[in-house]
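> compute the structure for the input listed below.
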Amino acid sequence: MDSIALQLDGMKCGGCIDHVKRAMNSTPGVHEVSVQLNPQRAVVTFDRNLATPEQLCQAIVAGGFQVLDWEEERTTPTLPPSAVDAISTKAASPGNGSAQRPTAPNSQLPDAMHTAPKQLGTSDRVTTVPSARSYWQIAGMHCSSCVAQVERAMGRVPGVSDIRVNLATQRASARIPQDCDDTTIANAISSVGYKATVLAAGASGLGNNTANVRREVHSWRNRASFACLGLGLLLGCTRLLQPGQQTGWILALIATALLGYVGAPFYVNAIRRLTFGSANMDSLVALATAAAYLAGLYGITYGSSTMTFTDVGMILAFLSTGRYLESKAKDRATRSLYGLLELAPSDCLVGQGTEWTRTATFEVPTGTQILIRPGDRIPLDAEVIEGSSQVDEAWLTGESIPRDKAPGDRLLAGTVNTFGSMQARVVHTADETTLAKVISLVQNAIESKTDVQRLADRVVAWFVPFVLIAAAITLVCWIALVNQPTAALQHAVAVLIVACPCALGLATPTAVLVGSAMGAERGILIKNATALETAGALSSVVFDKTGTLTSGKPRVAQIEPAPGITEEQLLSLSCAVQQLTNHPVASAIVAHSPTVKSQLRATDLQLHPGQGISAKCENSVAFMGNEKLFRQHKISIPDAFLQRATELCQQAQLVVFVAWQDRFWGLIGLEDQIRDAAADVVGRLRQRGLKVIMVTGDNSNTANTIGNKLGIDEIVSEVLPADKQQVIENMQAAGHVVAMVGDGINDAPALATADLGVAVGSGADVSIEAADIVLTRDRLADVDRAIHLSRATLRTIRQNLVWAFVYNATLLPIAAGLIPGISLQPAWAAAAMACSSISVVTNSLMLRWR
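A predicted model of the protein is given here:
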């Protein structure tokens, strides 16, 4: 038997676990399945003779979930340790072909993957890990049916997982196995009639989309102008010329020109789809306009009405105008995201000394020296080696005041050098800069799907075939029951035209695109669309106190030595001990005493989690910490100091007791200032109906004082860093949907466990794995803004989908003539269809004012 661990995405509840288990148990060869919700993973024991890892991944994807990563454990006969080490070393060597693509580190894999079955003795894990994500630009997608066809084509390639196809950005991405290259996927996409171009990973692959969107806007503007001119000629001829065969041929000539130029994209795509045995929205438009055009030719030949030529002109005029406005709106939606690319210049000055040459930024390797002149945008993440200046980092930190930079300081790509010249050494290539990571995170959010979008995709997969069948039934029924061929044709054409899978396909991507780009502009990085849905379902928000609700930079407020001990002696001992650690409390004590030169030398530092520290000074142990530490080591604290400590705690001060040589030396009180915006943020969250909880390692007196000042609903004090995760799990077990807000460092497990993890003030560290939302600016108010933006984006997605479904459900029956007394002419059906797509994109753009 073999085992495989799969990292999943898309599971929300116990029902999702059951779905995954059923998908696995229905796959031949599966013997045992273990599925967890937090983290989202599954461990499957299976028979390799009956199933492959690729088949297991495909079964999960078919169930509506994503496989982000997987690792396989294959047992082998017992080998000596040296042989196992040799195999592992070889597998990791740079010269090995399998190392062409980066693999996930073993430390991030489930524990189950490190344990072999006992009855087999030593086992060697032979791993097969999907590569880093690959990207493709797709040409020819126009509706959700196109997206579904591309996804199916990519899914048929063995080993491909986590497939994401985005209609708004015309991009696709996926994780592919090491024995498969990007061109193979591009060929698979081309096999179903779409042109796929391999893109570079990260920011360097994003620029193509900007040019594509602008070309699309220009093309449809020209076609819409030509269509409106042609429609004017058609209407003028029908009014000014006498009806007859000659007039009919003039109308036919104009309609032919319109079909040849304006209708060309529809017909080319429809024929391509037909060649590959599929259909999309272009197929519906091509079929409808062709039917109207042929009806006009029939009218010329047999002396009946030629008004259907006018229908052709009106349909193409409305549709081309709609496509132009839609592409224009998409261009506006993508402008914010791709505007980030313009923050970093495309080239830079590379060299040394006085020799400098201009080189493309993406060609510059790490270690290269670059010259940054006054007014230049910094092209790459680098470290100053010569010169000094001030740099405006507003795009990332939101601070308007430039920061001083000197040799040894870090520079970030996209920031602006103000007045001085600097030479710097490149530390990250173009695709690894902080700016590139921001763009990558936003792009990942845009490519991800919400659960409701997955449902819409499954509906749309059958939408075009349904419309074709509905149009055929409409035509047959009107001829058979009413015996009106002209009316039958008009109703059938109206059904083909009015159906709009575009609106369904654009409902989620455009909203996520606008919301993610808006967030990036404001330093709010939403990692995936699932975070939007989670934010909409939140019931509680848990704040870590230190560094989140407070500044995280305590300062000494009180120094009270014991009788017989001077203040300088107390500080001298404290500095000697605290210099051994970089804890914020230690930094505050050392910073408070810059003139104190301790004659003591401390060694052998020991940490006492949740209590304090101790160190050896002159053969005697010094203790610094809380009352628990002193009780544990049987060091008595005078009652007067215990009472004083209680008073300081009620003033929200942290009290550190000090003892040395088996004697109490005094106490030091430190205060961590509450952030200015903390009370306002807590109040806003409570107004949104959220319960606000604070967790802290402080004693109950200090915690309650701060919590009461802020209006916190529930305060959990004296919690060790490792126990914060348990607090989250207890709340989830009680039925709460929990957001955890912290700094992403010592509370990373809690961030990962929470339904929604929010990391505050991460600055350049934008890739905090544990967080779903990363706030790059050190502003607590952004927590409320992030939740508001997430909920507004989710609300927009729902509005778009409801509109798209209601539109199709209402107008399709009207177009078919099922409602007595109400009819829909093909031209007005085209207008309605164009308005449907435009309204969805416009509603998404309205996010900027919500």
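
> what sits closest to Val476 if chain neighbours are left out?
The shortest distance from Val476 to any non-neighbouring residue, by Cβ to Cβ, 6 or more residues apart in numbering, is to Ala488 (8.0 Å). Backbone N, C-alpha and C define where each C-beta goes, glycine included.

> summarise which helices and strands the helix or strand harbouring that neighbour is packed against.
If you go by DSSP states H and E, Ala488 is part of helix 485-498. Using 3 or more Cβ pairs under 8 Å, 6 or more residues apart in numbering; DSSP states H and E as the contact test, the elements touching helix 485-498 are helix 281-302, helix 308-339, helix 463-477, helix 781-815, helix 826-845.

> want to throw those helices into JSON lines with mean neighbour count?
Output for the helices and strands packed on helix 485-498, formatted as JSON lines (neighbours: other Cβ atoms under 10 Å):
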{"stretch": "helix 281-302", "mean neighbour count": "21"}
{"stretch": "helix 308-339", "mean neighbour count": "24"}
{"stretch": "helix 463-477", "mean neighbour count": "18"}
{"stretch": "helix 781-815", "mean neighbour count": "20"}
{"stretch": "helix 826-845", "mean neighbour count": "23"}
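
> Ala255 is nearest to which of those?
Checking the helices and strands packed on helix 485-498 against Ala255 by Cβ to Cβ gives helix 308-339 as the closest, at 4.4 Å.

> contacting residues around the helix or strand following that closest one?
Proceeding C-terminally, helix 308-339 gives way to strand 347-352 as the next helix or strand, assigned by DSSP H and E. Residues from elsewhere that reach strand 347-352 (Cβ atoms under 8 Å, 6 or more residues apart in numbering): 356-361, 364, 368-373, 379-380.

> give the buried residues for strand 347-352.
Cys348, Leu349, Val350 (16 or more other Cβ atoms under 10 Å).

> outline the domain layout of this structure.
2-120, 348-432, 555-671 (automatic domain parsing).

> how long is the second one from one end to the other?
I take that to be domain 348-432. The separation between the terminal residues of domain 348-432, taken as Cα to Cα, to the nearest Å, is 16 Å.

> could I get the average pLDDT for it?
In this model, domain 348-432 carries a mean pLDDT of 87.

> kindly report the same for the first one.
Across domain 2-120, pLDDT averages out at 60.

> equivalent analysis for stretch 819-828, please.
For stretch 819-828, mean pLDDT rounds to 83.

> distance of Ser448 relative to Val737?
19 Å (Cβ to Cβ, to the nearest Å).

> for Thr434, same thing?
31 Å.

> cool, Arg555 as well?
Distance from Arg555 to Val737, counting by Cβ to Cβ: 37 Å.

> with neighbour numbers in mind, choose between the two.
More crowded of Arg555 and Val737, by other Cβ atoms under 10 Å: Val737, with 18 against 14.

> you'd agree that one is up against Thr534?
Yes: using Cβ atoms under 8 Å, Val737 is in contact with Thr534, at 6.9 Å.

> picking that back up, how far out from the middle of the chain is the helix or strand following the helix holding Ala488?
Of the helices and strands lying after helix 485-498 in sequence (DSSP H and E), the nearest is helix 501-521. The chain centre lies 12 Å from the centre of helix 501-521; the measure is Cα atoms, centre = their mean, to the nearest Å.

> buried residues, helix 501-521. List them.
501-520.

> again with stretch 725-738
Buried residues in stretch 725-738, counted by 16+ other Cβ under 10 Å: Gln725, Val727, Ile728, Met731, Gln732, His736, Val737, Val738.

> and these, which two are furthest apart?
Distance extremes for the buried residues of stretch 725-738: the farthest pair is Gln725 and Val737 at 16.4 Å, using Cβ to Cβ.

> in the stretch 101-250 of the chain, which spans are helices?
Using DSSP state H, counting those that start in this stretch, the helices of the stretch 101-250 of the chain run over 144-155, 182-190, 207-240, 245-261.

> nearest to Ala834, of these?
When these are compared by Cβ to Cβ, helix 207-240 sits nearest Ala834, at 10.3 Å.

> list the helices and strands that closest one packs on?
strand 134-139, helix 245-261, helix 308-339.

> buried residues in that helix, which are they?
Those would be 208-210, 212-213, 216-217, 220-221, 223-224, 226-228, 230-231, 233-234, 237-238, for helix 207-240 by 16+ other Cβ under 10 Å.

> now do that helix, average pLDDT.
83.

> what's the angle from that helix to helix 308-339?
160 degrees (axes from the mean of the first three to the mean of the last three Cα atoms, to 10 degrees).

> chain center to helix 207-240, what's the gap?
Using Cα atoms, centre = their mean, the offset of helix 207-240 from its chain centre is 35 Å.

> repeat that for stretch 370-383.
With Cα atoms, centre = their mean, you get 29 Å for stretch 370-383.

> which other residues reach it?
Residues from elsewhere that reach stretch 370-383 (Cβ under 8 Å, 6+ apart): 343-345, 347-351, 356, 361, 364, 389, 391, 408-430, 432-434.

> related to what we said a few turns ago, of the contacts of strand 347-352, closest to Val774?
Closest to Val774, out of all of the contacts of strand 347-352 and judged by Cβ to Cβ, is Leu380, at 21.3 Å.

> doesn't that closest one fall inside a helix?
No: Leu380 is assigned coil when assessed by DSSP: H, G, I helix; E, B strand; the rest coil, not a helix.

> show me where pLDDT drops low in the stretch 551-700 of the chain?
Scanning the stretch 551-700 of the chain for pLDDT under 70 picks out 595-598.

> number of nearby residues for the residue nearest to Ala487 when sequence neighbours are not counted?
Nearest in space to Ala487, with sequence neighbours left out and distances taken as Cβ to Cβ, 6+ apart, is Trp478 at 5.8 Å. For Trp478, the neighbour count with other Cβ under 10 Å is 21.

> ok, Trp478 touching Ala494?
No: using Cβ under 8 Å, Trp478 is not in contact with Ala494, being 11.2 Å away.

> how close does Ala622 get to Ile668?
If you go by Cβ to Cβ, the gap between Ala622 and Ile668 works out to 13 Å.

> hang on, I meant Gly817
Computed as Cβ to Cβ, the Gly817 to Ile668 distance reads 85 Å.

> who has more neighbours, the two?
It is Ile668, of Gly817 and Ile668, that has more neighbours when counted by other Cβ under 10 Å, with 28 against 22.

> what's the spacing between the more buried one and Asp69?
In terms of Cβ to Cβ, Ile668 sits 48 Å off from Asp69.

> quick revisit: for Ser283, see how far away the residue nearest to Val476 is.
20 Å.

> show me where pLDDT drops low in the stretch 701-850 of the chain?
744-746, 762-770.

> mind doing that once more with 80?
Counting by pLDDT under 80, the stretch 701-850 of the chain has low-confidence residues at 720-722, 743-749, 761-770, 850.

> give me the buried positions along stretch 520-528.
Taking 16+ other Cβ under 10 Å as the criterion, stretch 520-528 shows Ala520, Arg522, Gly523, Ile524, Leu525, Ile526, Lys527, Asn528 as buried.

> ok, back up a step: including mean pLDDT and distance to Asp676, could the helices and strands packed on helix 207-240 go into CSV?
Listed next are the helices and strands packed on helix 207-240 as CSV, based on pLDDT from 0 to 100; distance: least, Cβ to Cβ, whole Å:
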stretch, mean pLDDT, distance to Asp676
strand 134-139, 86, 42
helix 245-261, 89, 61
helix 308-339, 78, 29
